[in-house]
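# Model the structure of this input:
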Amino acid sequence: IGVWRKGHVGVDPDVDRVFEAAVRRLRELGAVVVEGADVPGNDKVVGEHLLPAVLTEFKHDINAYLAATPGTHPKTLTGLIAFNRRHAGTELGRFGQELFEMADRTDGDLTGPAYREHRGVLTVQARKAIDDVLARHRLDAIVTPSDLPALPLDHKGENGRAFTSSTRNSAMSGYPHVTVPAGYTRSGLPLGLSFLGTRFTDARLLGYAHAFEQATHARRAPRHPLTPR
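Numbering: from 1, shown residues only. The predicted model follows:
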């Protein structure tokens with residue numbers, strides 16, 4: 001099992017603590033833990049190809065969803081944007097809808113040459129990023145922290161903590177990625193451990209994740225802060 005630390009460790013002390021405990025537990029369970037299995041990112045490719053592809057996909061899919069969903073509501077993304085503008089005193093007044101508007105300016109065509117080029121570049125680069133690490137270190141899977149603790153919805157935006165996405169390469173490549181509970185922050189927020197791998201290793205990753213879950217029983221049933229213990 002390879003360990004991906006770069007971009008994830010050293011950002012949040014609770015994430016570091018829980019992740020190091022998870023890596024120790026993997027060793028105790030018999031895994032051969034290999035350090036230095038950091039999956040590289042490609043900011044240039046992401047900047048040029050990811051956002052245009054995702055915006056096109058979003059317009060296509062949200063239009064299909066709205067059109068197929070019964071009830072009285074906007075039937076297109078364009079209509080949804082207009083609805084939000086008419087009701088700007090609620091959530092829209094705090095969060096905006098810039099991504100909606102950017103998506104609506106695309107053609108939403110998943111068969112068009114521009115979209116297919118963006119998606120093709122992303123898929124090739126993301127698969128190479130994962131496969132190269134797996135081959136170089138002769139790995140069956142890679143583990144990494146899933147994300148930072150959830151942020152409060154305080155309408156103040158991001159807090160500036162730079163955490164590299166643990167899911168982006170898996171999502172762009174179409175490769176499997178499974179997240180399981182790993183522990184908690186000192187304030188009680190859940191933290192996860194991610195297992196990722198190459199194409200068609202879904203069953204293997206689910207097996208690793210299941211074994212880790214059964215060995216750690218890290219998950220606790222969620223509770224409201226005002227609920228009596």
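# who's residue 179 bridged to?
Beta-bridge partners for residue 179, by DSSP bridges, are residue 194.
# Surely it and residue 194 touch.
Yes. In this structure, residue 179 is within contact of residue 194 by CB atoms under 8 Å, at 4.9 Å. All C-beta spots, glycine's among them, are computed from the backbone N, C-alpha and C.
# between those two, which one's more packed in?
Using other CB atoms under 10 Å, the more surrounded residue of residue 179 and residue 194 is residue 194, with 23 against 18.
# shouldn't the more buried one be in contact with residue 144?
Yes. Counting by CB under 8 Å, residue 194 touches residue 144, with 5.3 Å between them.
# So for these two, which residues contact both of them?
Counting by CB atoms under 8 Å, 6 or more residues apart in numbering, the common neighbours of residue 194 and residue 144 are residue 166.
# sorry, back to before: now for residue 179 and residue 194: what residues contact both?
By CB under 8 Å, 6+ apart, residue 179 and residue 194 have these common neighbours: residue 146.
# Just the C-alphas of stretch 78-91, formatted as CSV.
Taking Å, rounded to 0.1, in the frame of the first residue of the first chain, the C-alpha atoms of stretch 78-91 are listed here in CSV:
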residue,chain,number,x,y,z
THR,A,78,-31.2,29.2,-17.9
GLY,A,79,-34.6,29.2,-16.1
LEU,A,80,-33.0,28.2,-12.8
ILE,A,81,-30.6,31.1,-13.0
ALA,A,82,-33.5,33.5,-13.7
PHE,A,83,-35.5,32.0,-10.8
ASN,A,84,-32.5,32.6,-8.5
ARG,A,85,-32.2,36.2,-9.6
ARG,A,86,-35.9,36.8,-8.8
HIS,A,87,-35.3,35.4,-5.3
ALA,A,88,-31.9,36.9,-4.7
GLY,A,89,-32.7,37.8,-1.1
THR,A,90,-32.3,34.1,0.1
GLU,A,91,-29.3,31.8,-0.4
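# Buried residues, it. List them.
By neighbour count with 16 or more other CB atoms under 10 Å, stretch 78-91 contains the buried residues 80, 81, 84.
# Then stretch 168-178?
Buried residues in stretch 168-178, defined by neighbour count with 16+ other CB under 10 Å: 168, 169, 170, 172, 173, 175, 176, 177, 178.
# May I ask which two of the residues you listed are separated the most?
Maximum pairwise distance in the buried residues of stretch 168-178, criterion CB to CB, is 16.8 Å, between 172 and 178.
# Identify all contacting residues around the top helix by length along the chain.
The helix spanning the most residues in the chain, taking DSSP state H as the definition, is helix 113-137. Identification of contacts with helix 113-137 by CB under 8 Å, 6+ apart yields 2, 4, 34, 36-42, 45-46, 48-50, 52-53, 56-57, 109, 139, 142, 168-175, 196-199.
# Go ahead and measure how far that helix is from the middle of the chain.
Centroid separation for helix 113-137 versus its chain: 16 Å, with CA atoms, centre = their mean, to the nearest Å.
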